[in-house]
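[1] requesting a structural model of the entry that follows:
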Amino acid sequence: NLFNESQNLFAKVKIYTYTPLLTSPMLYINGDSSRRVGGWGEEFNFSVLTKDRFGRNVTVYAWHRKVGETWQLFDSWTCVDCLEWTQANFSYDYLPTDIATWEFKFNASNDDGNSQLYGHTYTVEKDDVNVQNITPVWNATVNRSQPYNFTLYAWDRDNETIPNALSYTETFFEIGKYGGNDTFVTFYSNPPINGSGYIVYTFTTTEWCQDYFYLGQNYWRGGISGADYYKDNITKPKPYNSIPFMLIGDLYNTISQPTGTQNFTRGVTILLKGSIQDDCGKTITDATVYFNLTNGANTYTCTATLVGSEYQCQWDSSDKPYGWYNVTMYSTRTNYNPGLAIKTNAFFLRSKILLDDQQKIPSGNQPWGKSPFNFTVEVTNEDGTSTAVYLWLKNETNDWWLEKTWQGTSSTKT
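    Next up, the predicted model:
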């Protein structure tokens, strides 16, 4: 028997979509997944695990943004035949202007559609920098009269480069006032840093001669502060929270007496005079001063005293050798380099000139017809220098007139 019965049939079709799988979003800052804060110059690496249930291709997209702003796609990668869990890795180099709080996410796509996975927030901050003092070193001596470079070396240890994004007033040097380390005067280096990583300020006499800088023990510090893209780092070593150095001045001597054009006769007292100014132009009246007088191998010392604003010394020339004398003025004072002034051939010490046995031949009164008359005199000059002898005459109607001149040395009769 054939059974035949007509019925209405019901069919229902459901379409299944299998979008990519995403898990384990990670951020590594300099290789450390536990960190949530890093300098803009450090390494920021992002990763996520992905796969497709049927081993199809999966493209993964990495996004980030400053919190509250628009998402930015910064990289993508395709996993081919992605049947197993596979790690997608991305990196991003942040700029100094990227300092802010950020967040990241991933999305992935295959033939069935898209999936998305949020990461977390993190902070891009200022870079850490090293600052090392170069000059002056601990307790070094700085000469006030000469230009001197105060120098630091800076290094961006996050970005492993010289911190070239520094601006004027972000690098500085401070010098303690009045020889202390309580209050400081600030000087800004310009340029803020050079291409070799050195922060330099050249101090000159003009800066040092301000009235709040003292000679002797001083203190300095310097570094980076208030920078837009770098953390503060200032050289403040213990125990002074600064670096000590010694500031030294110079003394400039001037010999005013003897003048260099004078002759003195042995036996007289010769006045030696001089004055002192320092490298700031200040007259110094409390130095220790003495004069050295040299004649060949002979050396004599004369200690000076202050008279008014000058240093003076009275030198007894008795029994001293004849001839030319060089005069050297020495000065010393605490926290100053010694002063020195030399005057070569400052004066000549000569003997007395003796005239003896003067004669007229023939002697007595004689008629003019007996002329010529011979006039002689014995001249003694022990120093052996040339001596000029002058013969003067006068009569009842004429006053003295120069009749003859003679030039000679040693003991001579003429």
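[2] and the strands in the stretch 151-300 of the chain?
    171-176, 184-188, 198-203, 216-224, 233-234, 243-257, 262-265, 269-278, 288-295, 298-303 (DSSP state E, counting those that start in this stretch).
[3] name the stretch among these that sits most buried.
    strand 171-176 (a mean of 23; mean count of other CB atoms under 10 Å). For every residue, glycine as well, the C-beta is placed using N, CA and C.
[4] just to check, residue 74 is in contact with residue 91?
    No - in this structure residue 74 lies outside contact range of residue 91 using CB atoms under 8 Å: 9.2 Å.
[5] which of these two has more residues huddled nearby?
    Applying other CB atoms under 10 Å to residue 74 and residue 91 shows that residue 74 carries more neighbours, namely 16 against 13.
[6] partner strands of the helix or strand harbouring residue 63 and their direction?
    Using DSSP states H and E, residue 63 sits within strand 58-66. Strand 58-66 has its sheet partners listed here by DSSP bridges as strand 72-79 (antiparallel), strand 100-110 (antiparallel).
[7] could these be laid out in JSON lines, adding distance to residue 27 and mean pLDDT?
    Conversion of the strands paired with strand 58-66 to JSON lines gives the following (distance: least, CB to CB, whole Å; pLDDT from 0 to 100):
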{"stretch": "strand 72-79", "distance to residue 27": "13", "mean pLDDT": "98"}
{"stretch": "strand 100-110", "distance to residue 27": "7", "mean pLDDT": "98"}
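[8] take those strands and lay them out in CSV including distance to residue 172.
    Output for these, formatted as CSV (distance: least, CB to CB, whole Å):
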stretch, distance to residue 172
strand 72-79, 37
strand 100-110, 27
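[9] single out the most deeply packed of the ones you listed.
    strand 100-110 (a mean of 20).
[10] need the contact partners of it.
    Contacts of strand 100-110 with the rest of the structure, by CB atoms under 8 Å, 6 or more residues apart in numbering, involve 18-20, 22, 25, 27, 46, 48, 50, 52, 56-67, 71, 88, 114-124.
[11] now do the buried residues in stretch 52-60.
    Residues 52, 56, 58, 59, 60 are the ones in stretch 52-60 that count as buried (16 or more other CB atoms under 10 Å).
[12] again, but for stretch 38-46
    38, 39, 40, 41, 42, 43, 44, 46.
[13] what pLDDT, on average, does it get?
    Mean per-residue pLDDT for stretch 38-46: 98.
[14] got the contact list for the strand holding residue 63?
    20, 22, 46, 48, 50-52, 71-79, 82, 88, 90, 92, 98, 100-110.
[15] can you tell me how far residue 362 is from residue 372?
    10 Å (CB to CB, to the nearest Å).
[16] who has more neighbours out of these two?
    residue 362 (11 against 6).
[17] which residue is the nearest non-sequential neighbour of that one?
    Counting by CB to CB, 6 or more residues apart in numbering, residue 370 is the residue found nearest to residue 362 once chain neighbours are left out, at 6.1 Å.
[18] closest to the centroid, which residue in this structure?
    residue 149 (1.4 Å; CA atoms, centre = their mean).
[19] so what's residue 330 scoring on pLDDT?
    pLDDT at residue 330 comes out at 98.
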